[in-house]
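Engineer: how would this look folded up:
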Amino acid sequence: MHGRILAVFLILLLGLASVGAKLFTIQIRQSDRLTEIASKQYQRLVPLVSRRGTIYDRSGLELAVSLRVSSVFAQPGVIENAAETAKALAPILGRPVEEIRGKLATDKPFVWIERQLDSRRAEAVADLGLKGIGLFPESRRYYPNQDLAAHVLGMVGVDDRGLEGIEHLYDDPLGGKPAFVVAQQDALGRLVFRQEEPEPRTPIFDVHLTIDKVIQYIAERELAKAVEHSRAKAGTAVVLDPRTGEVLALANQPTYDPNDYHRAQAAARRNRTTTDYFEPGSIFKVILAAGALEEGIVRPTDQFYGENGAIQVGGVTIRDHEKYGWLTVRQIITHSSNVGVIKIGQKLGKSLYYHYISAFGFGTLTGVDLPGETPGLIRRPKAWSALSLSVLSMGQEISVTPLQYATAFAAVANGGTLMRPHVVKRLVAQDGSLIRPVEPAVVRRVISEPTARTLMDILTGVVEEGTGTEAAVPGYSVAGKTGTAQKVDPATGKYSHKKIVASFVGAVPAEAPQLVILVTIDEPEILRWGGSIAAPTFREIARDTLAYLKVPGSPPKNVRLVRAE
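Structural biologist: Okay, here's the model as predicted:
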């Protein structure tokens, strides 16, 4: 009897020791790991759904808004019949039964079935009352004007984070940074109570742009016409207020609809005005003239011999499109004489010319509040060849972005001050408690006011009697410059005779510019000159924009205005 009792006692003692050892392992040695596993089973991070800030144009018109939507989720462990559940959901979601069934065949406690449903389909899913299937409130970005200003706005992904454009650069102020609370759930995955309140969120802002919806529409409409009419590869249009650096319109072709950005090709989504650079060609003669006039090296009436349309530089013959004799500086710019600008460039010299190229902002970022900007390309004078000064005088061997050049030309139009371009006018907290204005920013003075006035007067001749007559706007004085630049053929490394960029840049009204407009047409198959395709596009954009803004017409020529006493 005593032996049996002892045996039972030993067995119980060993059992208790085993249980104790197991408890020690579970509660002490594996405590942290098991606590984490348990937390995952009964705790869930619940995202706080908030309305992403609205993006407005300068007049308060909506360009990007957020809509309340619902997303379908599943808890596979709770679903009793996966096949029947998938069969019921498939016609509502427009998905194959096999695809939905595949998502349900998992050991994960939570899976998304379909994100961001419209209200009609969400209600249909709710009416099914399927066990283990639920709806979660989310926010979806919507662009009511489809492709209007798409490259400025950018787009938002399904996780409510900005991917490109303003949506990306201002993602946090717009409310893209997610916030969560920790909630507890029962065995069926239903929320029981929140463990803690969320931390106070930073204010969500609405963003007001400098973009004008009407001007943006005008620019996009006319650019699309020009690209289609010339059978071009692409095109850009930039409209600036030269006084403030505000971007009124920024258009690209091809373009896309950010509501359906998944289907857009990468080429259509690229913001060419800030990311793509091109050799500007003859429009760059404005920069050369600005430096030469500012330094007093030339005057508008100084004459240079046109060499009957051909000049030898560094063993290379450079030709004009006409055989010119003696030309004044004014006529050289008006008729876009290559021989003439080469001789002006030789007088200005490498160091001074490079100084003005840099001062006007080429080779550096403009600082515009858009992501992905590139600085263009310019070599330092020590890397220039014997031919570089001459071809740079014609706008070759340098690459610029459309926005970069429009900004530089705006400095001539506003009296000589380089402004930082910007597309955001102000940020306003949704509750109205905070306003963050974006003030115009002066970068530097690049030329004096007298030089700017002289150059603007010369540039009016380009439109009145030179290569840019197609840019003339009835009732307004226009100062501008045409450009037709050959592109480098990547296959040969030489300038192509077929691939060109046609451009026109202008300011209107010339006597007190309110608009600077740059148009570039990339690889047009017909109408291959800046004066024949880019200049008319400038005219149409300027004419309708001036009428929309109700800008008074220019005073008649040769009429002196006398202020009343």
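Engineer: How about the contacts made by A86?
Structural biologist: Contacts were defined as C-beta atoms under 8 Å, 6 or more residues apart in numbering; by that measure A86 touches V97, E98, I100, R101, L104. Yep, even glycine has a C-beta here, placed from its N, CA and C like the rest.
Engineer: Excluding chain neighbours, what is closest to the third one?
Structural biologist: When the adjacent residues along the chain are set aside, I100 lies closest to A86, with 4.0 Å between them (C-beta to C-beta, 6 or more residues apart in numbering).
Engineer: backbone phi and psi for the one you found, please?
Structural biologist: When read as degrees, to the nearest 10, the backbone of A86 gives phi -60, psi -40.
Engineer: ok, now E525?
Structural biologist: According to degrees, to the nearest 10, E525 has phi -90, psi -30.
Engineer: For I357, give its distance to L459.
Structural biologist: I357 sits 19 Å away from L459, taking C-beta to C-beta, to the nearest Å as the criterion.
Engineer: show me the residues around N338 that make contact.
Structural biologist: Going by C-beta under 8 Å, 6+ apart, the list of residues near N338 reads I311, I318, R319, D320, M394.
Engineer: Next, count neighbours for the closest residue to T334 other than its chain neighbours.
Structural biologist: Nearest in space to T334, with sequence neighbours left out and distances taken as C-beta to C-beta, 6+ apart, is G466 at 3.7 Å. Close neighbours of G466, defined as other C-beta atoms under 10 Å, add up to 21.
Engineer: where does G466 sit relative to G553, distance-wise?
Structural biologist: Taken as C-beta to C-beta, the span from G466 to G553 is 22 Å.
Engineer: number of nearby residues for the spatially closest residue to E397 that is not a sequence neighbour?
Structural biologist: Excluding the flanking residues, the one nearest E397 by C-beta to C-beta, 6+ apart is V391, at 5.1 Å. By the measure other C-beta under 10 Å, the count of residues near V391 is 22.
Engineer: go on, the one 4 residues further on?
Structural biologist: For G395, the neighbour count with other C-beta under 10 Å is 27.
Engineer: same check, this time on R4
Structural biologist: Count around R4 with other C-beta under 10 Å applied: 8.
Engineer: Just list the residues touching it, thanks.
Structural biologist: With C-beta under 8 Å, 6+ apart, R4 has no contacts at all.
Engineer: And it, which helix or strand is it part of?
Structural biologist: helix 2-24 (DSSP states H and E).
Engineer: Quick one: mean pLDDT for that helix?
Structural biologist: Here helix 2-24 scores 75 as its mean pLDDT.
Engineer: still on that earlier bit, comparing I357 and L459, which residue is more hemmed in?
Structural biologist: Each of I357 and L459 has its neighbours counted (other C-beta under 10 Å); L459 has more, 28 against 21.
Engineer: That one against K285, yeah?
Structural biologist: No: L459 lies out of contact with K285 (C-beta atoms under 8 Å); the separation is 10.1 Å.
Engineer: which of the contacts of N338 has the most neighbours?
Structural biologist: Going by other C-beta under 10 Å, M394 tops the contacts of N338 with 24 neighbours.
Engineer: check which helix or strand covers A502.
Structural biologist: Applying DSSP H and E as the criterion places A502 in strand 494-508.
Engineer: For the next helix or strand after that strand, enumerate the helices and strands it packs against.
Structural biologist: Using DSSP H and E, the helix or strand that follows strand 494-508 towards the C-terminus is strand 515-522. The contact analysis (3 or more C-beta pairs under 8 Å, 6 or more residues apart in numbering; DSSP states H and E) places strand 515-522 against helix 213-229, strand 234-241, helix 402-413, strand 494-508, helix 535-549.
Engineer: tell me how far strand 515-522 is from the chain's mean position?
Structural biologist: Centre-to-centre, strand 515-522 and its host chain are 16 Å apart (C-alpha atoms, centre = their mean, to the nearest Å).
Engineer: do stretch 403-418 as well
Structural biologist: Averaged C-alpha coordinates place stretch 403-418 at 20 Å from its chain's average position (C-alpha atoms, centre = their mean).
Engineer: What's the mean pLDDT across it?
Structural biologist: Rounded mean pLDDT across stretch 403-418 is 98.
Engineer: repeat for stretch 312-328
Structural biologist: The predicted model gives stretch 312-328 an average pLDDT of 92.
Engineer: thinking again about what came up before, select, out of the helices and strands packed on strand 515-522, the one closest to P381.
Structural biologist: Comparison of these against P381 by C-beta to C-beta identifies helix 402-413 as nearest, at 19.1 Å.
Engineer: in its sheet, what does the helix or strand that comes right after that closest one sit against?
Structural biologist: Using DSSP H and E, the helix or strand that follows helix 402-413 in sequence is strand 417-419. Partners of strand 417-419 in the sheet, by DSSP bridges, are strand 442-445 (antiparallel).
Engineer: Downstream of the partner strand, the next helix or strand is which one?
Structural biologist: Heading C-terminal from strand 442-445 (DSSP H and E), you reach helix 449-465.
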